[in-house]
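> Fold the following.
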Amino acid sequence: MGNKHHFMGVYELSAEKANGAPLYEQVHPLKGSKRYLYWNDFGDDYGKWKVLSETKPFDKRSIANREPWSIITSTRGDLPSSKAGLKWKCKGGGLDETLTCTEGEEAWLAEAARLESVWLNAPPKVTLSGHTT
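Residues are numbered from 1 along each chain as shown. Just a heads-up that it's a prediction; the model follows:
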């Protein structure tokens, strides 16, 4: 599992827009915090899709002062779908060929079902060891 696994899942189209384009939102099932998938209209990343939490994506003051995004497309696109040929990368890393954005929620439902079946067989005890620093 990658270090941005908590950003995976279904994002729903919001009634709001961000930068004039569709805004997708995800509500964290346990914490209730929101995550956003939005089209960027600012700076070097103009036209790329970004995923972030913490703040509204169209708050340009926030974006101008720091880079809050966690996942971004490597190229520009009209919509975030991988059907458009977009590739994705995580902050601090290169392209991630396993990261995709599909239309609908079928892929996420299949992954959730797979995880549920794995977790049903979770061992009753585990041991972490070897940490010395």
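
> who touches stretch 110-121?
For stretch 110-121, contacts defined as CB atoms under 8 Å, 6 or more residues apart in numbering pick out residue 8. Every C-beta, even on glycine, is put in place using the N, C-alpha and C of the backbone.

> mind checking how far that stretch is from the chain centre?
Put simply, stretch 110-121 sits 20 Å off its chain's centre (CA atoms, centre = their mean, to the nearest Å).

> Show the average pLDDT along that stretch.
Stretch 110-121 comes out with an average pLDDT of 79.

> pull the CA atoms of that stretch into PDB?
The C-alpha atoms that make up stretch 110-121 are tabulated as PDB, following Å, rounded to 0.1, in the frame of the first residue of the first chain:
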ATOM      1  CA  ALA A 110     -13.900  -4.400  -6.200                       C
ATOM      2  CA  GLU A 111     -10.900  -3.200  -4.200                       C
ATOM      3  CA  ALA A 112     -13.000  -2.700  -1.000                       C
ATOM      4  CA  ALA A 113     -14.400  -6.300  -1.400                       C
ATOM      5  CA  ARG A 114     -10.900  -7.700  -1.900                       C
ATOM      6  CA  LEU A 115      -9.600  -5.900   1.200                       C
ATOM      7  CA  GLU A 116     -12.600  -7.100   3.300                       C
ATOM      8  CA  SER A 117     -11.900 -10.700   2.400                       C
ATOM      9  CA  VAL A 118      -8.200 -10.300   3.300                       C
ATOM     10  CA  TRP A 119      -9.100  -8.600   6.600                       C
ATOM     11  CA  LEU A 120     -11.500 -11.400   7.500                       C
ATOM     12  CA  ASN A 121      -8.400 -13.700   7.800                       C
END
